[in-house]
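Peer 1: 3D, please:
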Amino acid sequence: EVQLVESGGGLVQAGGSLRLSCAASGLNFDDYAIGWFRQAPGKEREGVSCITNSRSYSADSVKGRFTISSDNDKNTVYLEMNSLKPEDTAVYYCAGLGRDVLTLLPSLYDYWGQGTQVTVSS
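Peer 2: Presented below is the predicted three-dimensional model:
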């Protein structure tokens, strides 16, 4: 059974930093892509960053501020978020896709975590 568990969310002031973690079980990182997504109230879920086999891709809205990385020994993917803005406020989800591809299309992902809240105050 595949499980994804996010942690690391919280309340931070604008300009601050947070690091989110996604602990995965039941899947092989060599065969999966892991993506980070976010959903703000009243908005559609949007892709943030994804990673597979040391290749990564990020949305334009977070390039230069957010960094995705993985620790295959720990089966954990991280999202380092710097220079946070109030518009980054959302529930952040990690998701697993059983293919070695980079995509930020939520509909292509097979497994989802429960989400972690990130709130950035102005």
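
Peer 1: gap between the residue lying closest to Ala90 once chain neighbours are set aside and Leu11?
Peer 2: Take Ala90 and drop its neighbours on the chain: the residue closest to it by Cβ to Cβ, 6 or more residues apart in numbering is Arg38, 3.8 Å away. Any C-beta I mention is one placed from the backbone N, CA and C, and that applies to glycine too. Going from Arg38 to Leu11 by Cβ to Cβ, to the nearest Å gives 16 Å.

Peer 1: element containing the residue nearest the centre of the chain, please.
Peer 2: Centroid-nearest residue in the chain: Trp36, 2.2 Å away (criterion: Cα atoms, centre = their mean). Trp36 is part of strand 33-39, with elements assigned from DSSP states H and E.

Peer 1: can you show me the CA trace of that strand as CSV?
Peer 2: Written as CSV, here are the backbone C-alpha positions of strand 33-39 (Å, rounded to 0.1, in the frame of the first residue of the first chain):
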residue,chain,number,x,y,z
ALA,A,33,7.9,10.9,-9.7
ILE,A,34,6.9,12.8,-6.6
GLY,A,35,5.2,16.2,-7.0
TRP,A,36,4.2,19.0,-4.7
PHE,A,37,0.9,20.7,-5.3
ARG,A,38,-1.0,23.4,-3.5
GLN,A,39,-4.6,24.5,-3.2
